[in-house]
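K.L.:
coords please:
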Amino acid sequence: FAQSGSYYDYKLIVFVHPNARACSDTFEELGYEIQIRDTPFKVADIKSEWLQEHIVKSGCCGEKEYLKLYSYVQFDYPIVIHLDLDSLILK
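P.N.:
Coordinates of the predicted model:
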């Protein structure tokens, strides 16, 4: 068994925007690896004016919603499962 008691080992990672670093201590206490990441693109680099204007208003966190894209570049792991904070896992 892995340290978790599961047949499978896993690692918990949370992507945190630099502006939210002060809010990430709880994740660290729960065993998450904290990865401080800026958004994977600059809003100013978006060519569409409409998208530039609307992306900062989308979802709960605007352009920071796209931090989840870093899940796709976790090449050190054979499988990556992405869960938003609004997910609920029941055993």
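K.L.:
show me where pLDDT drops low in this structure?
P.N.:
1-4, 87-91 (pLDDT under 70).
K.L.:
who touches the longest helix anywhere in it?
P.N.:
Taking DSSP state H as the criterion, the chain has its longest helix at helix 49-55. Here helix 49-55 makes contact (C-beta atoms under 8 Å, 6 or more residues apart in numbering) with 43-44, 46, 62-63. Using the backbone N, CA and C atoms, a C-beta is placed for each residue, glycine as well.
K.L.:
most widely separated two among these?
P.N.:
Within these, A44 and G62 form the most distant pair, 13.7 Å apart (C-beta to C-beta).
K.L.:
of the two, which one has the most company?
P.N.:
Higher neighbour count among A44 and G62: G62, with 14 against 6, using other C-beta atoms under 10 Å.
K.L.:
for H54, see how far away that one is.
P.N.:
To H54, G62 is 9 Å away according to C-beta to C-beta, to the nearest Å.
K.L.:
swap in F27?
P.N.:
Applying C-beta to C-beta to F27 and H54 gives a distance of 29 Å.
K.L.:
pick out whichever of these two has more residues nearby.
P.N.:
F27 (15 against 12).
K.L.:
how close does the more buried one sit to R21?
P.N.:
11 Å.
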